[in-house]
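*Asks:* Pasting the sequence and the predicted coordinates here, then a few questions.
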Amino acid sequence: MKRRLNAVLSDIEAELRESTERGEVAGYIPPLAGIDPAKFGIAVVLPDDTTLLAGDADEKFSVQSISKVFALTLALGNRGDSIWQRVGREPSGDPFNSSVLLELEKGIPRNPFINAGAIVVADILLGAYQPRETIGEFLRFMRFVTADDDIYIDHHVAQAENDSGFNNAALANLLKANGNLDGAPAHVLGVYHHYCALAMSCRQLARAGLFLTSSGRNPITDTRIVAAQRVRRINALMMTCGHYDGSGDFAFRVGIPAKSGVGGGILAIVPGIASIAVWSPGLNRHGNSLLGTQALEMLCQQMNWSVF
C-alpha cells in the first residue's frame, strides 16, 4: 500500500500543480491575503509513523479553524460532556461566521466548529485563567500530540485577526448578552484568535491528527490523548460540521471526517488507516480549500477510502 500511496500522492500533486482554477485566498485577514495561491502540499501519516509527502508539505501555514478540533479535544478532556450544555452538535447550514441562528436560538451555537461555537469552547478553556496561560496550555498540547516543539503561534496573524475581527466581536457580544460567555469578550476573542493563528506544516498537522485515527491513542508513542468514545464524537462532528455549509457536499464527494480552515488547510481522518493534511490557500465559495478538497477526493477514490 505504501508504494502505491506514494505514487498516488505524486500524481495528485503533479496534476493539481497545473490547475488554473485555484480559488481565492482569504483576503479579509491581511497576513493571509498575500499567500501565493500556487502553493500546494499534502502529507499522509500512517499509524506506524510512515510519512508520505508531496509538494509544499513542510511549509508552515496558518491552520485557522482546524485548531477548533484540538481545542474541542482539550475541552472534552477538561470538562467532559458538560460542554454540550453550551454548544450543540448539529450542522448549521449557514456560513461559518453567521450570527442568524445564534440569535434565533438564544445564544447556543449549533456546533463547536462554527465561529460562535469555537468562541464558546475558548471561553470554557479560559475559565478562571488568564488568556496567556490558556494560550500556553493549547500550544503545549499541540507540541505534545505532534512530539514536535517546532510549532508556534504567529502573533502577527493573531493581532491582525484581533484588529479586523469585528464579526467575531459581534458573535462574542451576542453570546455574552445571552449568558453563554463567562469571560470578558475581549479576553475570550484573544484566546480564540491565537488558537487560529497556529502555524504548522502538512507533515506536522497530519501527525497531530493521528490520535483521531487510533481511538484516541497516539499509536507512535502509545500515549492516550482522549477517550475512544470522545474520538468517535469528534470524528462525527468533523464529518457533519467540519466544512460548514459545504459539509454535506464534502461528505458526498470525499466520504471521510475532515476539518477545514480559511488558511487553505484541511485535516482529514481515515479511521484506523491514516491521518491526512492538505494545504492549498485558494478557497471555494464556502471558505474551504478548493484544490485541497479536490486532492482529498482524488486520494480517497484511488485508495478506496471512505467511512461509508
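*Replies:* Arrived safely. Numbering: from 1, shown residues only.
*Asks:* which other helices and strands contact the helix or strand of the chain with the lowest mean pLDDT?
*Replies:* Across the helices and strands of the chain, mean pLDDT, DSSP states H and E gives its lowest value to helix 100-104, namely a mean of 81. When contacts are defined as 3 or more Cβ pairs under 8 Å, 6 or more residues apart in numbering; DSSP states H and E, helix 100-104 sits against helix 166-177. From N, CA and C alone the C-beta is placed, and that goes for glycine too.
*Asks:* Show me which positions of the helix it packs on end up buried.
*Replies:* Neighbour-count burial for helix 166-177, with 16 or more other Cβ atoms under 10 Å as criterion, is recorded at 168, 171-172, 174-176.
*Asks:* The residue positioned nearest the centre of the chain: what secondary structure?
*Replies:* The centroid of the chain falls nearest to Ile66 when counting by Cα atoms, centre = their mean (1.2 Å). Assigned by DSSP: H, G, I helix; E, B strand; the rest coil, the conformation of Ile66 is helix.
*Asks:* so what pLDDT did it get?
*Replies:* Turning to Ile66, the model gives it a pLDDT of 98.
*Asks:* Check for me that Ser275 belongs to a helix.
*Replies:* No. Going by three-state DSSP, the assignment for Ser275 is strand, not a helix.
*Asks:* List the contacts of it.
*Replies:* Contact partners of Ser275, counting by Cβ atoms under 8 Å, 6 or more residues apart in numbering, are 44-45, 206-210, 212-213, 267-269.
*Asks:* Can you say which of these are buried?
*Replies:* Buried by 16+ other Cβ under 10 Å: 44-45, 206-210, 212-213, 267-269, out of those.
*Asks:* For the stretch 1-150 of the chain, give me the ranges with low pLDDT.
*Replies:* 95, 97 (pLDDT under 70).
*Asks:* beta partners for Thr51?
*Replies:* Bridge pairing for Thr51 (DSSP bridges) gives the partners Val45.
*Asks:* burial of it, as a residue count?
*Replies:* 15 (other Cβ atoms under 10 Å).
*Asks:* Give me the distance between it and Ala277.
*Replies:* Going from Thr51 to Ala277 by Cβ to Cβ, to the nearest Å gives 11 Å.
*Asks:* Overlap of the contact sets of the two?
*Replies:* Joint contacts of Thr51 and Ala277 (Cβ under 8 Å, 6+ apart) are 43, 203, 206.
*Asks:* Out of these, name the ones that lie in helices.
*Replies:* If you go by DSSP state H, those have 203, 206 in helices.
*Asks:* Name the residues that touch stretch 172-186?
*Replies:* Taking Cβ under 8 Å, 6+ apart as the rule, stretch 172-186 contacts 86, 99, 102-103, 106-109, 116, 119-120, 123, 126-127, 169, 188-189.
*Asks:* hmm, back to that, any chance of the buried ones among the contacts of Ser275 in TSV, plus distance to Arg233?
*Replies:* TSV is the format used below for the buried ones among the contacts of Ser275 (distance: Cβ to Cβ, whole Å):
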residue	distance to Arg233
Val44	24
Val45	22
Ala206	21
Arg207	22
Ala208	18
Gly209	15
Leu210	18
Leu212	11
Thr213	15
Leu267	16
Ala268	17
Ile269	13
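*Asks:* now, which of the residues you listed sits nearest Gln301?
*Replies:* Nearest to Gln301 among the buried ones among the contacts of Ser275, counting by Cβ to Cβ, is Ala268 at 13.4 Å.
*Asks:* Next one: the residue nearest to that closest one when sequence neighbours are not counted from Asn180, what distance?
*Replies:* Nearest residue to Ala268, sequence neighbours excluded (Cβ to Cβ, 6 or more residues apart in numbering): Ala258, at 3.9 Å. For Ala258, the distance to Asn180 equals 27 Å [Cβ to Cβ].
*Asks:* More neighbours: these two, which one.
*Replies:* Set Ala258 next to Asn180 and count neighbours by other Cβ under 10 Å: Ala258 wins out with 29 against 20.
*Asks:* Let me see the contact set for that one.
*Replies:* Counting by Cβ under 8 Å, 6+ apart, Ala258 touches 238-239, 242-243, 250, 266-269, 296.
*Asks:* Can you pull the phi/psi pair for it?
*Replies:* Backbone torsions of Ala258, given as degrees, to the nearest 10, read phi -160, psi 160.
*Asks:* re earlier: of the contacts of stretch 172-186, buried ones?
*Replies:* 86, 99, 102, 107-109, 116, 119-120, 123, 126, 188-189.
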